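Visitor: sequence and computational prediction follow.
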2 protein chains.
Amino acid sequence: MKHAVGTRERIIEVAKQRFHSRSYADVGIKEICDAAEIQKGSFYHFFPSKRDLALTVIEAFAADWASGFIAEAFDPALPPMERFDYLVDAAYFWQKASQSKDADGRMPGCLFGNLALEVSTKDEVLRARLSAFFRLARDRFREALEEAVERGDVAPLDTTSTAEAMLAYLEGMILLAKTQNDPELIHRLGPALRSLRIERQQ
Amino acid sequence: MKHAVGTRERIIEVAKQRFHSRSYADVGIKEICDAAEIQKGSFYHFFPSKRDLALTVIEAFAADWASGFIAEAFDPALPPMERFDYLVDAAYFWQKASQSKDADGRMPGCLFGNLALEVSTKDEVLRARLSAFFRLARDRFREALEEAVERGDVAPLDTTSTAEAMLAYLEGMILLAKTQNDPELIHRLGPALRSLRIERQQ
């Protein structure tokens, strides 16, 4: 039991990095075991299936996202609408840094968006988990919008739908940037995010 | 040679439908041959590799897109900004119809967006082809924006970047709608697409 301590964490780390830079289907359990230097029995001790591992990876990445990007960008000391500019900048710099760290110079995109398009029609459990993450992200955006409306920084609007629109725009920018393998697209288009508005239904 | 006529077309049709509703990795050559009722030799006669088939599928889908959605929505008889509303409606109805036709009731999303996130870090040839498609779509959006500016319907803006922002938003809405398996999201958020603006750099 050379690696008894931290085996689970090592599996998660290996899977997180590989699912993100490649795809869910592309990375098999054998490859994960080899990279984490463990036997298959040990893998199944922690994760009954690859899907269970994926759920844990999503959990871990969502926690990173909340404690990293969101905690930093959504600093209550910043005026609420400026938090969106900060978030776009953070996404840009993160994609740019990931691209330069990648051996082949590829921009990985958003793990949640990547997985969502890959698995949503094929795995209802993973789809529901990813959908829950996006709802959570939307709610963080909505809170900032509510604060902005309360302060009178923006005119009243449908905060839930506007938050969802902003999230859609963020994911769409990252999708196009990944397809062009060019994070600069996020930098160029990002400032328009905060101008999105969905009006309240009368 | 029971199916000599139309074999290539049948392979493309089978692959198009399956890549779209599932994923590129998920659909193997054997499955495609079985569904098209052909031998593997026949497949390789038309397509040296699965990637060649994918390139042809992208080509075929891009042609459908141009002659369907774009030809209809981007009708020169419509005021240019209304074409974007029409395009969003067309995307909404198409996703809704596809969802109800699907045996499991799943919304398939955008084939280009799906493939782009799945393969962009793994296959440079496919990535470049998908990027070229998005550039083409952006150019169609840009032409409508240029017309709108010329007519004085919108104040001058960076038409290329704004077109790209609109495309990002469209792809992002479809991504979130697929993750929620709910085309209504496109209907709810769609109207904000035409309000996106990227200003000209001074």
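Guide: Yep, that arrived. Numbering: from 1, shown residues only, chains lettered A, B, ... in the order given.
Visitor: what residue in chain A comes nearest to chain B?
Guide: When distances are taken as Cβ to the nearest Cβ, chain A reaches nearest to chain B at A:G172, 2.7 Å away. The C-beta positions use only the backbone N, C-alpha and C, and glycine is treated the same way.
Visitor: quick check: that residue touching B:E164?
Guide: No - using Cβ atoms under 8 Å, A:G172 is not in contact with B:E164; the gap is 9.8 Å.
Visitor: what's the closest non-adjacent residue to A:S98?
Guide: Counting by Cβ to Cβ, 6 or more residues apart in numbering or on different chains, A:S98 lies nearest to A:P108, which is 5.2 Å off, once chain neighbours are set aside.
Visitor: same question for A:W65.
Guide: In space, and not counting its chain neighbours, A:W65 is closest to A:A137: 7.7 Å by Cβ to Cβ, 6+ apart.
Visitor: the one you found: neighbour count?
Guide: 23 (other Cβ atoms under 10 Å in any protein chain shown).
Visitor: what about it, which helix or strand?
Guide: According to DSSP states H and E, A:A137 maps onto helix A:124-151.
Visitor: tell me which stretches of chain A form helices.
Guide: A:7-21, A:29-36, A:40-46, A:50-65, A:71-73, A:80-101, A:111-119, A:124-151, A:159-180, A:184-189 (DSSP state H).
Visitor: only the buried residues of the shortest one, if you could.
Guide: Within helix A:71-73, the residues that count as buried by 16 or more other Cβ atoms under 10 Å in any protein chain shown are A:A73.
Visitor: for stretch A:103-116, same thing?
Guide: Within stretch A:103-116, the residues scored as buried using 16+ other Cβ under 10 Å are A:106-116.
Visitor: got the residues you listed as TSV, with pLDDT columns?
Guide: Putting the buried residues of stretch A:103-116 into TSV (pLDDT from 0 to 100) gives the following:
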residue	pLDDT
A:R106	98
A:M107	98
A:P108	98
A:G109	98
A:C110	97
A:L111	97
A:F112	98
A:G113	98
A:N114	98
A:L115	98
A:A116	98
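Visitor: tell me which other helices or strands the helix-or-strand element of chain A with minimal mean pLDDT touches.
Guide: Within chain A, no helix or strand scores below helix A:71-73, which has a mean of 87 by mean pLDDT, DSSP states H and E. Where contact means 3 or more Cβ pairs under 8 Å, 6 or more residues apart in numbering or on different chains; DSSP states H and E, helix A:71-73 is packed against helix A:80-101.
Visitor: returning to that earlier point: what sits against the residue of chain A closest to chain B?
Guide: Contact analysis of A:G172 by Cβ atoms under 8 Å, 6 or more residues apart in numbering or on different chains lists B:167-173, B:175.
Visitor: please name the nearest non-neighbouring residue to it.
Guide: B:G172 (2.7 Å).
Visitor: excluding its backbone neighbours, what's nearest A:L185?
Guide: In space, and not counting its chain neighbours, A:L185 is closest to A:A177: 4.1 Å by Cβ to Cβ, 6+ apart.
Visitor: typo on my end, A:R10
Guide: Per Cβ to Cβ, 6+ apart, closest to A:R10 is A:A36, 4.6 Å.
Visitor: that neighbour touches A:E9, doesn't it?
Guide: No - using Cβ under 8 Å, A:A36 is not in contact with A:E9; the gap is 9.5 Å.
Visitor: so for those two, which residue has more residues nearby?
Guide: It is A:A36, of A:A36 and A:E9, that has more neighbours when counted by other Cβ under 10 Å, with 21 against 12.
Visitor: what sits against that one?
Guide: Contacts for A:A36 (Cβ under 8 Å, 6+ apart) come out as A:3, A:7, A:10-11, A:13-14, A:43.
Visitor: A:H187 contacts A:A91, correct?
Guide: No - using Cβ under 8 Å, A:H187 makes no contact with A:A91, being 9.6 Å away.
Visitor: those two - which one has more neighbours?
Guide: Each of A:H187 and A:A91 has its neighbours counted (other Cβ under 10 Å); A:A91 has more, 23 against 18.
Visitor: quick one: the more buried one from B:V27, how far?
Guide: Counting by Cβ to Cβ, to the nearest Å, the gap from A:A91 to B:V27 is 31 Å.
Visitor: sorry, back to before: buried ones in the helix holding A:A137, by neighbour count?
Guide: A:126-127, A:129-131, A:133-134, A:137-138, A:140-145, A:147-149.
Visitor: hey, least reliable of the helices of chain A by pLDDT?
Guide: When the helices of chain A are compared on mean pLDDT, helix A:71-73 scores lowest, with a mean of 87.
Visitor: so how far is that helix off the chain centroid?
Guide: 14 Å (Cα atoms, centre = their mean, to the nearest Å).
Visitor: contacts for that helix next, please.
Guide: Here helix A:71-73 has contacts from A:83-84, A:86-87, A:89-90, using Cβ under 8 Å, 6+ apart.
Visitor: cool, stretch A:188-202 as well?
Guide: Contacts of stretch A:188-202 (Cβ under 8 Å, 6+ apart): A:81, A:84-85, A:88-89, A:91-92, A:154, A:156-158, A:161-162, A:164-166, A:169-170, A:173, B:161-162, B:164-165, B:168-169, B:188-189, B:191-192, B:195-198.
Visitor: buried ones among these?
Guide: Counted by 16+ other Cβ under 10 Å, the contacts of stretch A:188-202 give A:81, A:84-85, A:88, A:91-92, A:154, A:157-158, A:161-162, A:164-166, A:169-170, A:173, B:161-162, B:164-165, B:168-169, B:188-189, B:191-192, B:195-198 as buried.
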